[in-house]
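A.B. asks: sequence and predicted model, in that order:
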Amino acid sequence: MRLVILIVIVVVLIVLIVLILVNAAFRKRILKHSRKLPQEADIVIIGGGVAGCVLARRLWERYPNKRIVMLDRGEDRRNDPNVYRSEAALTIAYSAPYSEVIQSDFPGVGCSVASMVGGGSSHNFGIVVKGSRHFLETEWNPVFDMSNHELKRIHRRIDSRMDITPLPVKLDIASRILPAASKLFRDGAEEVLHGINVIQNLGPLRANNEISEWILCAMTSGKYKLEVVRDYNNGVGPCACPTPQLFVDKILGVRASVNRAYLPERSSLKVIEYAEVNVIKHCNDSYRIKLKDKRVIKAKKVIMAAGAIYTPFILKKSHIGDHLPIGENLKSHYGCTMVLAVKGMKDFSSGPLAFVSTNNDHVRNWQIITSGSTLTNLAFLNAQGIDTQSLIFDGYKFITFLAWDLRPKTNGSIGINCANKNQPTIALNLFESSCDKISIVNALRFLGDIFKRMKCSHKQEKCKEEKVKLLFPVKGVFKRDDFDELLANAKTGISLTDHYCGTCKYGTVLESDFSVKGHPNLHVVDASTFPSIIDGNTEYGTLTVAELAATRITCK
């Protein structure tokens, strides 16, 4: 009897496997990309990043009979085994073939620009910070002429496509087996195999409860009284949270890129890879888009979605809107760094984060990010004369604290490189504003207070060995509390985000339908449209802007 049951089970499994393999052979959810450029189209979207993918989806839904072409200078790397790996987080976001690094005007600081379909969300590990309700309702809604109800509706649309999931402390593989099998049968093997690859290479995950409580206690017991919350994306202002939120597929654990979420399968939409745009020329009632390899495509309507660096750069090269402040008002979050060495601590990738108000009001002034050894820049520490290998040998792990000014006053700009007109110049003008200097020095002082409280909590254990060491800034800086010395350390350990925005400001450069003033069929939809820099990460803000623009752009 047992033998019969065993045979039946084996036969059922074999049949199931055969059905899955047959199904996988016929079901391909991956959108097929091409390098063959059509001669003309109704709508051409320049840039396949966050905004480009959203617009491609929404305009395809609204205008299924229109010829929509999306151009991207990179390729779709959604199945690249190196993308999404925590262990490669320090290099994936800032090196070829995933990004281009352009040197800025600030010594030693380069700006990373994504070069792949899906944009930054495809390789930046997808941390989700929506921006506070106070910021959106007071600074964006009035400018965009968007009601609170419309904003909530847009956020619901985004959330229905992009799963937001707390980063787990550890992966429970067993709980994923049945959902993954269901997805395998329904959608084919490609997605599931990719998910398995990601799960195998995640490395350490979120800090465990003991480490999180230790860091949170140090964050919340000082001058700035922060409320500890479980979800910092629920509209609250200043707060501390033990759990970073990520765009993650809830079944497979794959960090969800916007191209996975939005680009439709089996559609008339064409995605053209390795299509780097050089200039755009307005001819009669259409536009001629010339690529760097001399190919040309004509379009009745053009949507610029190449990001806050390349969108203004292409427009300036094309002499479109020369009378407008295109390329001006460049902003990005930037701040300072503190690195600690901790003896006997379990490693982790991401830890608690906080949003601090300096005036005890609803305004988020600083964002504090913590990460473990996985995301600590050892090359930077070694350059400061710190022997990281000896520390590792002695059993130390590292914690990095980043403090970003969420309301920088400095304005940068995008220009054309005189020596090489195919490359933009980036003037960040960091620390030129006295307000930024004061804010970032005070943020570094805040990090110093966190270190003192973390160290004191370990002193209570009466351990002879120093369990918490300050590696950067240099020893004695916090004790001396000299403004100029703190500022010098902030500049040495500068933390710059890839949150470039504001270079084609809505209302200044753009009309209400996101068209460039004087060009009703040329639109700009990406982070360059931001009227002010959001008090969160720019990815969700870009999704919001793209969803809004998709309702306002019409195609006859």
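C.D. replies: Thanks, I have the structure now. Residues are numbered from 1 along each chain as shown.
A.B. asks: how many residues are close by Tyr98?
C.D. replies: Neighbourhood size, Tyr98 [other C-beta atoms under 10 Å]: 23. The C-beta positions use only the backbone N, C-alpha and C, and glycine is treated the same way.
A.B. asks: how close does the closest residue to it other than its chain neighbours get to Asp80?
C.D. replies: The shortest distance from Tyr98 to any non-neighbouring residue, by C-beta to C-beta, 6 or more residues apart in numbering, is to His123 (4.9 Å). The gap separating His123 from Asp80 is 9 Å, by C-beta to C-beta, to the nearest Å.
A.B. asks: what about these two, which has more around it?
C.D. replies: The neighbour comparison of His123 against Asp80 (other C-beta under 10 Å) goes to His123, with 27 against 18.
A.B. asks: surely the more buried one touches Ala114?
C.D. replies: Yes - taking contacts as C-beta atoms under 8 Å, His123 lies within contact range of Ala114: 6.9 Å.
A.B. asks: shared neighbours, these two?
C.D. replies: 98-99 (C-beta atoms under 8 Å, 6 or more residues apart in numbering).
A.B. asks: break the chain down into its structural domains.
C.D. replies: Structurally, the chain divides into domains by automatic domain parsing as follows: 32-97+105-132+269-323+502-556, 334-408+434-496.
A.B. asks: out of these, which gets nearest to Tyr224?
C.D. replies: Closest approach to Tyr224 among those (C-beta to C-beta): domain 334-408+434-496, 5.2 Å.
A.B. asks: now the end-to-end length of that closest one.
C.D. replies: 4 Å (C-alpha to C-alpha, to the nearest Å).
A.B. asks: repeat for stretch 236-243
C.D. replies: 15 Å.
A.B. asks: likewise stretch 484-504?
C.D. replies: Using C-alpha to C-alpha, the gap from the first to the last residue of stretch 484-504 comes to 35 Å.
A.B. asks: off-centre distance for that stretch?
C.D. replies: Centroid separation between stretch 484-504 and its chain, computed with C-alpha atoms, centre = their mean, to the nearest Å, is 17 Å.
A.B. asks: can you map out the helices along the stretch 301-450 of the chain?
C.D. replies: Counting by DSSP state H, counting those that start in this stretch, residue ranges of the helices within the stretch 301-450 of the chain are 307-317, 378-383, 388-393, 434-459.
A.B. asks: just name the most buried of the ones you listed.
C.D. replies: Most buried of the helices of the stretch 301-450 of the chain by mean neighbour count (mean count of other C-beta atoms under 10 Å) is helix 307-317; its value is a mean of 25.
A.B. asks: pLDDT averaged over that one - what is it?
C.D. replies: In this model, helix 307-317 has a mean pLDDT of 97.
A.B. asks: what's next to it, contact-wise?
C.D. replies: Residues from elsewhere that reach helix 307-317 (C-beta under 8 Å, 6+ apart): 46-47, 49, 102, 111, 113-114, 119, 277-280, 304-306, 321-322, 326-327, 330, 414-416, 421, 424, 426, 500-504, 516, 524, 526-528, 530.
A.B. asks: what about 7 Å?
C.D. replies: 47, 49, 111, 113, 277, 279-280, 304, 306, 321, 326-327, 330, 414, 416, 424, 426, 500-504, 524, 526-528 (C-beta atoms under 7 Å, 6 or more residues apart in numbering).
A.B. asks: and the residues you listed, which of them are buried?
C.D. replies: When these are checked for burial by 16 or more other C-beta atoms under 10 Å, the buried set is 47, 49, 111, 113, 277, 280, 304, 306, 321, 326-327, 330, 414, 424, 426, 500-504, 524, 526-528.
A.B. asks: may I have the beta-bridge partners of the closest residue to Gly335 other than its chain neighbours?
C.D. replies: Of all residues not flanking Gly335 in the chain, Trp404 sits nearest, at 4.1 Å (C-beta to C-beta, 6+ apart). Counting by DSSP bridges, Trp404 is bridged to Gly335, Gln367.
A.B. asks: neighbours of Trp404, just the number please.
C.D. replies: 23.
A.B. asks: show me what contacts it?
C.D. replies: Residues near Trp404 by C-beta under 7 Å, 6+ apart: 333-335, 366-367, 495, 497.
A.B. asks: part of a helix, is Asn278?
C.D. replies: No - checked against DSSP: H, G, I helix; E, B strand; the rest coil, Asn278 lies outside a helix; its state is strand.
A.B. asks: can you get me a residue count around it?
C.D. replies: As a burial measure, Asn278 scores 17 neighbours (other C-beta under 10 Å).
A.B. asks: how much space separates it from Phe144?
C.D. replies: 31 Å.
A.B. asks: relative to Thr138, which of the helices of the stretch 301-450 of the chain is closest?
C.D. replies: Comparing the helices of the stretch 301-450 of the chain under C-beta to C-beta, the one sitting nearest is helix 434-459, at 19.1 Å.
A.B. asks: so how far is that closest one off the chain centroid?
C.D. replies: Once both centres are worked out by C-alpha atoms, centre = their mean, helix 434-459 turns out to sit 25 Å from its chain's centre.
A.B. asks: which other helices and strands contact it?
C.D. replies: On a contact count with 3 or more C-beta pairs under 7 Å, 6 or more residues apart in numbering; DSSP states H and E, helix 434-459 meets helix 209-220, strand 334-343, strand 396-405, strand 468-472, helix 483-492.
A.B. asks: for Gly74, which of the ones you listed is the nearest?
C.D. replies: strand 334-343 (25.4 Å).
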